[in-house]
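Visitor: Give me a model of this one.
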Amino acid sequence: MPRPAQWIQPPLALPIGTGPFHVKGVLYLGTQKYFQSEVPDGIARLVATLDEPSVREFIQSKFLPSGWYDVLPVAPLIRAEAEVCHQTVPSYLRKRAAFQAREDLEGVYRWLLKLASPESVALKLPRLLTQIFDFGDSYTERLEEHVVHIELREFPAALTEWYSTAFEVYAETALGLAGAKNVSLVLRATPTSHHASGVPLVTLTGDAHWS
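Guide: Numbers count the residues shown, from 1 in each chain. As a prediction, this is how the structure comes out:
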């Protein structure tokens, strides 16, 4: 039986370890923890679902939290992860991002919630989250009360689906824990004229609103 289109895994944009885009190992440790604790036989099932042998080997690696690792395997991984969980990709990404946000905001980023206001959280969160990457940049600006403009610049287009959803959920969770109500943030991807190692780049922009 053919795999539904929503779970078809895209090919790697570049062979693992050859590109200029890296993320700290805490990301993949989070994936391993999620599939070990939240999904029965999760790691074994995830490995069996992955099409690309190099990605199967990669996700079974021993990751160091502060080590740097290729981020492009995330693109096929999220499709396989959603398939294992029998969820649409958007539904899985929102659930997975909420899990990670709770983990982080109760742990390494707990201090963020001690800031004076949801606005302070909204202004600082993009720079904080982009520190796990060795590429890209962020920009924030207060537009008016309860509205902050956010830009995440020079991200690989192949990661748009993953990072835009993950960031939206992370921001909603963080602002909610800081006391904000009715949080809303939708990021839109705008292609840039830049490429890195042949990989097209985008800028993700949106306005965070809350009451």
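Visitor: going forward, measure contacts between C-alpha atoms and count neighbours the same way
Guide: Noted.
Visitor: Quick one: the helices in this protein, in order.
Guide: Using DSSP state H, the helices found in the chain span residues 26-37, 42-49, 53-59, 74-84, 89-105, 118-130, 160-177.
Visitor: Could you list every helix and strand that the third one packs against?
Guide: If I follow you right, that is helix 53-59. Applying 3 or more Cα pairs under 8 Å, 6 or more residues apart in numbering; DSSP states H and E, we find helix 53-59 packed against helix 42-49.
Visitor: before we move on, back to that, which among the helices of the chain is found nearest to Thr192?
Guide: helix 160-177 (13.0 Å; Cα to Cα).
Visitor: Dump the closest one to CSV, restricted to CA.
Guide: What follows is helix 160-177 as a C-alpha-only set of coordinates in CSV (Å, rounded to 0.1, in the frame of the first residue of the first chain):
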residue,chain,number,x,y,z
THR,A,160,10.2,26.1,6.9
GLU,A,161,7.4,23.6,7.7
TRP,A,162,9.2,22.4,10.9
TYR,A,163,10.6,25.6,12.3
SER,A,164,7.7,28.0,11.7
THR,A,165,5.2,25.6,13.5
ALA,A,166,7.7,24.9,16.3
PHE,A,167,8.4,28.5,16.9
GLU,A,168,4.7,29.5,16.9
VAL,A,169,3.9,26.8,19.5
TYR,A,170,6.9,27.7,21.5
ALA,A,171,6.0,31.4,21.6
GLU,A,172,2.4,30.6,22.4
THR,A,173,3.5,28.4,25.3
ALA,A,174,6.1,30.8,26.7
LEU,A,175,3.8,33.9,26.4
GLY,A,176,1.0,32.0,28.0
LEU,A,177,3.1,30.9,30.9
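Visitor: for it, the distance to its chain's centre please.
Guide: Computed by Cα atoms, centre = their mean, to the nearest Å, the chain-centroid distance of helix 160-177 equals 8 Å.
Visitor: Check which helices and strands it sits against.
Guide: Packing partners of helix 160-177 (3+ Cα pairs under 8 Å, 6+ apart): helix 74-84, helix 89-105, helix 118-130, strand 199-209.
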